[in-house]
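A.B. asks: Got a predicted structure plus its sequence, pasted below:
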Amino acid sequence: MSAGLPSRSSDRRQLREERRRRRRRVVWISAAAAAALVLLVGGGVTAAVLMNQDNGQPETTASTPKPAEPVVFEDDVPATAQGAEPCTQVKVLASLENSEMVTKLAEGYNAQPRDIDGNCVNVVVTKDKSGLAAEDAAANFKNLAEDERPIVWIPDASSWLSVARYSGGGASVPKAAESIGYSDIVLAMPKSLATAIGWDQTRPTWDDIFSSADDENLWTDLGHPEWGSFKLGKTSPLIASSGEAALLASYGSAAGSVADLTADQIEDEKITDEVRQHELSTSHYMATPEHFLWHARQAADNGSVADFLSAVIVDEKSVWDYNRGITSRDGVNRIESTPPAEPLVPIYPSDGYYIADNPGAVLSGPWVDETEKAAGADFIRFARTSQGQQIVRDTGYRDLNGGLSPIVQSVGLLGDPTENGGLPFPSQRVVIAAHDAFPDVRKRAQLLFLVDVSGSMDEPIATGETKLAAAKDAITEALGHFSAGDNLGLAAFSSVDDGPITPGNVSPVQDIGDTRPDFLRALGSLQPIEFTPLYAAVDTFAHEQAANFQPDRINAIVLLSDGKNETMGPTIDANQMIENLKALHHDTPVLIFTLAYGADADVATLQSISSATGAHYYDATDPTKVSDVLGDLVTSF
């Protein structure tokens with residue numbers, strides 16, 4: 001917890017008990033109401049365009065979008081003949097969440113002849129996490145060569161335009177942009193869990209949701225002790241729109257109105273303290289919705305999805321993907337399989353839910369010439385035509401009138417587009433206030449960095465550093481994500497001949513606010529040794545972390561390894577290690593995030609370790625990318 005919070009522990013216990021009493025009243029009322037058939041109410045949207053406010057301008061607050069005249073979708077009018085080559089290349093930067101839609105739109109646009117200022121046009125799509133793309137946009141994409149910078153940016157929500165402009169991107173990022181399609185951000189639950197609590201019939205408020213997540217006895221009270229505690233999944237609000245929506249809804253719930261949330265309320269300590277309480281119910285944070293849903297499917301295939309999550313805040317499109325058997329371990333590569341035995345049900349909170357509006361922003365940086373700008377605008381025009389909107393619907397999104405493809409609505413169990421309740425993301429000042437508040441209110445970490453120091457870590461990589469030196473730099477950089485109140489420690493593993501694990505614990509798991517210098521000194525002292533007792537190290541340190549389990553923290557290990565298990569004498573084998581991890585996970589769930597470092601890393605084993613603990617695997621098999629990969633990993637905290 002943050003400095004000063006322990007003095008408020010009694011107030012927080014009282015708050016928790018009051019919320020539990022309030023939640024129980026709601027659950028039994030909801031259960032009684034569920035006996036009568038009530039149609040599931042859904043997430044309609046309008047074609048209203050979010051106008052974000054710049055820093056320093058008067059604050060506006062979110063309000064429910066008002067019904068507008070339906071948008072008339074004009075037919076696309078391609079050029080009568082293809083323009084001359086070389087074609088103007090329009091690079092479009094999409095979010096991981098909406099990249100399928102944007103790619104299909106690009107294919108549709110490129111399939112017809114185009115002529116902008118006498119030249120043909122070729123649209124090329126790249127993708128990145130929303131928060132990382134906003135950081136790049138804030139720096140006017142100076143990290144990229146000019147010919148690689150995007151002409152059009154389509155984040156999945158307009159809030160990222162606000163973030164980029166506030167952080168320095170005003171020279172190239174427009175204040176607002178036309179939406180090309182919508183996806184409501186909802187609470188997704190396994191169907192059996194939604195039925196048990198009655199939310200498949202009676203829409204809860206956000207306060208009901210957070211109160212339920214805060215009640216450790218919820219499923220036991222409802223006759224399902226086998227489901228354990230309520231596990232609420234959220235993405236990081238600094239990385240994904242669904243995480244932003246979750247944090248804003250948490251503040252709005254604590255303040256009394258999601259629709260009318262203000263920056264002053266976010267800065268109010270009493271409201272903030274309740275949000276801190278909300279965050280304690282978070283199992284851990286992940287970078288994208290795909291990360292959560294991949295793990296949910298793994299849990300479902302291995303027994304019960306309830307072993308991994310009770311509910312997760314995601315966009316509707318992700319629910320549709322999951323229900324049709326599409327998941328992704330990394331948010332980039334899709335895995336297609338049969339639909340899950342139990343679908344997810346989208347829950348639309350009765351006091352409003354945010355809309356991912358996918359704005360098509362044509363950038364105006366010095367690298368964008370007038371022809372490129374015109375071609376980018378023409379692509380956005382196409383996305384809003386009848387042909388473009390058909391692609392929007394076919395790829396799982398709502399069109400500009402809120403309409404859905406019938407098959408998408410049926411498979412995704414998505415809400416009726418005629419219903420209202422969708423909210424635009426609030427003004428820039430509110431969004432930035434929430435971003436600034438997150439480091440203080442997030443659930444704190446109980447984290448051990450576990451580093452392979454086998455002899456192979458002395459090998460050089462393309463940068464000229466050794467693997468170990470680059471890993472040390474990456475860990476040092478990753479420490480910047482953590483602050484006072486996070487408990488961090490460091491251990492390393494190797495062995496000499498058939499000796500014990502060495503050097504073992506070199507910096508105990510303690511408040512990094514007090515121990516950062518000691519941690520860094522211990523990190524700097526690590527040297528490559530000899531063998532790689534991977535299985536024994538994982539088993540040993542997982543048990544140690546479990547023995548010191550802290551229920552109000554994210555208990556985890558970050559394991560970095562560059563090779564396969566190699567010892568001179570016998571140790572625990574891989575199967576027993578995995579079985580031990582699974583057994584620990586039921587009682588004291590220590591998440592083990594694994595990072596494969598270099599081409600010789602045992603990817604399959606590292607993936608099985610992370611999967612057994614409900615954590616995530618990260619790929620740094622290109623060791624020059626270890627800092628970026630580890631930086632991505634620590635967004636889980």
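C.D. replies: The structure has been received and is ready for your questions. Numbering: from 1, shown residues only.
A.B. asks: show me the contacts for the nearest residue to residue 121 once chain neighbours are set aside.
C.D. replies: Closest residue to residue 121 apart from its sequence neighbours, by C-beta to C-beta, 6 or more residues apart in numbering: residue 114 at 4.1 Å. Yep, even glycine has a C-beta here, placed from its N, CA and C like the rest. Neighbour list for residue 114: 78, 79, 82, 83, 120, 121, 375, 378 [criterion: C-beta atoms under 8 Å, 6 or more residues apart in numbering].
A.B. asks: make it 7 Å
C.D. replies: 78, 79, 82, 83, 120, 121, 378 (C-beta atoms under 7 Å, 6 or more residues apart in numbering).
A.B. asks: repeat for residue 266
C.D. replies: 251, 430, 433, 434, 437.
A.B. asks: Same check on residue 450?
C.D. replies: Residue 450 neighbours (C-beta under 7 Å, 6+ apart): 491, 493, 537, 541, 557, 558, 559.
A.B. asks: Just the ones in strands from these, please.
C.D. replies: Among the contacts of residue 450, the subset assigned to strands under DSSP state E consists of 491, 493, 557, 558, 559.
A.B. asks: any idea how far the third one lies from residue 480?
C.D. replies: Put plainly, it is residue 557. According to C-beta to C-beta, to the nearest Å, residue 557 and residue 480 sit 20 Å apart.
A.B. asks: Equivalent analysis for the first one, please.
C.D. replies: Counting by C-beta to C-beta, the gap from residue 491 to residue 480 is 21 Å.
A.B. asks: Looking at these two, which is more packed in?
C.D. replies: residue 491 (25 against 9; other C-beta atoms under 10 Å).
A.B. asks: so the more buried one sits right up against residue 452, yeah?
C.D. replies: No. Between residue 491 and residue 452 there is no contact under C-beta atoms under 7 Å: 10.7 Å.
A.B. asks: quick one: which of the contacts of residue 114 is most hemmed in?
C.D. replies: Going by other C-beta under 10 Å, residue 121 tops these with 26 neighbours.
A.B. asks: Of all the residues in the helix or strand harbouring that one, which ones are buried?
C.D. replies: For residue 121, the host element (DSSP states H and E) is strand 119-128. Using 16 or more other C-beta atoms under 10 Å as the test for burial, strand 119-128 gives 119, 120, 121, 122, 123, 125, 127, 128.
A.B. asks: In CSV, please show the C-alpha coordinates belonging to it.
C.D. replies: Taking Å, rounded to 0.1, in the frame of the first residue of the first chain, the C-alpha atoms of strand 119-128 are listed here in CSV:
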residue,chain,number,x,y,z
ASN,A,119,-1.7,8.7,-57.9
CYS,A,120,-3.0,5.3,-56.8
VAL,A,121,-3.2,4.6,-53.0
ASN,A,122,-2.1,1.7,-51.0
VAL,A,123,-3.2,1.4,-47.3
VAL,A,124,-0.9,-0.6,-45.0
VAL,A,125,-1.9,-1.4,-41.4
THR,A,126,0.4,-1.8,-38.4
LYS,A,127,-0.8,-2.3,-34.8
ASP,A,128,0.3,-1.6,-31.2
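A.B. asks: and the longest strand along the chain, what does it pack onto?
C.D. replies: Under DSSP E, the strand in the chain containing the largest number of residues is strand 84-95. Strand 84-95 makes packing contacts with helix 99-110, strand 119-128, helix 130-138, strand 152-154, helix 370-383 when contacts are defined by 3 or more C-beta pairs under 7 Å, 6 or more residues apart in numbering; DSSP states H and E.
A.B. asks: right, so of these, which gets closest to residue 334?
C.D. replies: Each of these has some distance to residue 334 by C-beta to C-beta; the shortest is helix 99-110, at 8.2 Å.
A.B. asks: looking at the helices and strands packed on strand 84-95, which is buried most?
C.D. replies: Of all those, strand 152-154 carries the top mean neighbour count, a mean of 29, counting by mean count of other C-beta atoms under 10 Å.
A.B. asks: tell me the average confidence for the host helix or strand of residue 312?
C.D. replies: Using DSSP H and E, residue 312 maps to strand 311-315. The average pLDDT for strand 311-315 rounds to 95.
A.B. asks: Note down every partner strand of it and its orientation.
C.D. replies: strand 183-190 (antiparallel), strand 232-235 (parallel) (DSSP bridges).
A.B. asks: follow-up on the earlier one: and the contacts of residue 266, which two are furthest apart?
C.D. replies: Among the contacts of residue 266, 430 and 437 lie farthest apart (C-beta to C-beta), at 10.6 Å.
A.B. asks: So the two - more neighbours on which side?
C.D. replies: Using other C-beta under 10 Å as the criterion, residue 430 and residue 437 rank with residue 430 on top: 27 against 20.
A.B. asks: Look up the closest residue to that one, ignoring the ones flanking it.
C.D. replies: residue 263 (5.0 Å).
A.B. asks: Does the one you found touch residue 435 like I think?
C.D. replies: No. With contact defined as C-beta under 7 Å, residue 263 does not count as touching residue 435 (11.1 Å).
A.B. asks: ok, so of the ones in strands among the contacts of residue 450, who is nearest residue 198?
C.D. replies: Nearest to residue 198 among the ones in strands among the contacts of residue 450: residue 557, at 37.6 Å, using C-beta to C-beta.
A.B. asks: Just give the number of residues close to that closest one.
C.D. replies: 25.
A.B. asks: mind checking pLDDT for residue 343?
C.D. replies: At residue 343, the model reports a pLDDT of 96.
A.B. asks: what sits against the closest residue to it other than its chain neighbours?
C.D. replies: Distance criterion C-beta to C-beta, 6+ apart; nearest residue to residue 343, sequence neighbours excluded, is residue 323 at 4.4 Å. Residues counted as contacts of residue 323 (C-beta under 7 Å, 6+ apart) are 339, 343, 344, 411, 412, 413.
A.B. asks: Now with 10 Å, please.
C.D. replies: 188, 191, 293, 339-340, 342-346, 408, 410-414 (C-beta atoms under 10 Å, 6 or more residues apart in numbering).
A.B. asks: distance between the ends of stretch 342-358?
C.D. replies: For stretch 342-358, the first-to-last residue distance is 29 Å (C-alpha to C-alpha, to the nearest Å).
A.B. asks: I figured residue 141 hits residue 147, correct?
C.D. replies: No. If you go by C-beta atoms under 10 Å, residue 141 and residue 147 don't touch, sitting 11.2 Å apart.
A.B. asks: Of the two, which one has the most company?
C.D. replies: Higher neighbour count among residue 141 and residue 147: residue 141, with 21 against 8, using other C-beta under 10 Å.
A.B. asks: For the closest residue in space to that one that isn't next to it in sequence, report the pLDDT, please.
C.D. replies: Nearest non-adjacent residue to residue 141, counting by C-beta to C-beta, 6+ apart: residue 149, 4.2 Å away. pLDDT recorded at residue 149 is 97.
A.B. asks: Please report the distance of residue 149 from residue 90.
C.D. replies: Taking C-beta to C-beta, one finds residue 149 at 12 Å from residue 90.
A.B. asks: can you check residue 594 too?
C.D. replies: 38 Å.
A.B. asks: and what of residue 482?
C.D. replies: Residue 482 is 40 Å from residue 90, by C-beta to C-beta.
A.B. asks: higher neighbour count, these two?
C.D. replies: residue 90 (29 against 21).
A.B. asks: Test my guess that the more buried one contacts residue 373.
C.D. replies: Yes. Because the distance of 9.5 Å satisfies C-beta under 10 Å, residue 90 is recorded as touching residue 373.
A.B. asks: which neighbours do the two share?
C.D. replies: 116, 151, 152, 362.
A.B. asks: need the contact list for residue 154.
C.D. replies: Here residue 154 is in contact with 92-95, 98-99, 101-102, 105, 125, 127, 133, 160, 177, 179-181, 358-361, 379-380, 383 (criterion: C-beta under 10 Å, 6+ apart).
A.B. asks: What residues are bridge-paired with it?
C.D. replies: residue 94.
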